[in-house]
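**Q** Next one to model:
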Amino acid sequence: MSNFFPIYLFCSLCSVFTVNAYAKSPFPSIVDNKDVTLCIRKYGDNNSECLASLSDISERKLTTVYQEKLNEISHYDYNQWWMGESKQREGMKDAFVRSQKLWLEYRQDYCKSASAGAEGIKDYGAIALSCLINMGKRRIDEIRMLHPNLSDG
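**A** Now for the predicted structure:
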């Protein structure tokens, strides 16, 4: 029996540390947003104007970055590509427009999924908005990483 005790002790300690490692995720929640939290803390139940403002700002930023990138793609000198043709640039533009449309649908579905557990509670709107804002920030980063001039990336 004494031979099994060190193994038992080791396995017990490993399981404790493993459980504790998974108890708190190293990844933040997609439905947590510091600006939304500040609106709720500052205005309590009267936070609708503050939250609407955050939503508008977030959507304007996303739309602006998207329009800027679309403009960059639309006016890119495709002759800089090896054997470049206008149809390549148009293909890039069409794919970018399509990807944004699909991403907007994806974001809506993803945030509905991420906030489903809060449906019916008073903060559901704020929770869903947090997801939309966080996803928008990530999309802005993705859009900015797209470079028609491949040497820019």
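**Q** Checking Leu129 next. Helix, strand or coil?
**A** At Leu129 the chain is in helix, as set by DSSP: H, G, I helix; E, B strand; the rest coil.
**Q** Next, count neighbours for Asn134.
**A** 21 (other CB atoms under 10 Å). For glycine as for every other residue, the C-beta is placed from the backbone atoms N, C-alpha and C.
**Q** List the residues that contact it.
**A** Taking CB atoms under 8 Å, 6 or more residues apart in numbering, we find Asn134 in contact with 30-33.
**Q** one more time with 10 Å
**A** Going by CB atoms under 10 Å, 6 or more residues apart in numbering, Asn134 touches 28-33, 36, 58, 107, 111, 114.
**Q** and it, what helix or strand is that in?
**A** Applying DSSP states H and E as the criterion places Asn134 in helix 124-144.
**Q** Now do that helix: distance to the chain's middle.
**A** Its chain's average C-alpha position is 5 Å from that of helix 124-144, according to CA atoms, centre = their mean, to the nearest Å.
**Q** Begin at 34 from now on, thanks
**A** Yep, numbering from 34; the last one is helix 157-177 now.
**Q** which residue ranges form the helices in this structure?
**A** 37-56, 67-76, 81-107, 119-147, 157-177 (DSSP state H).
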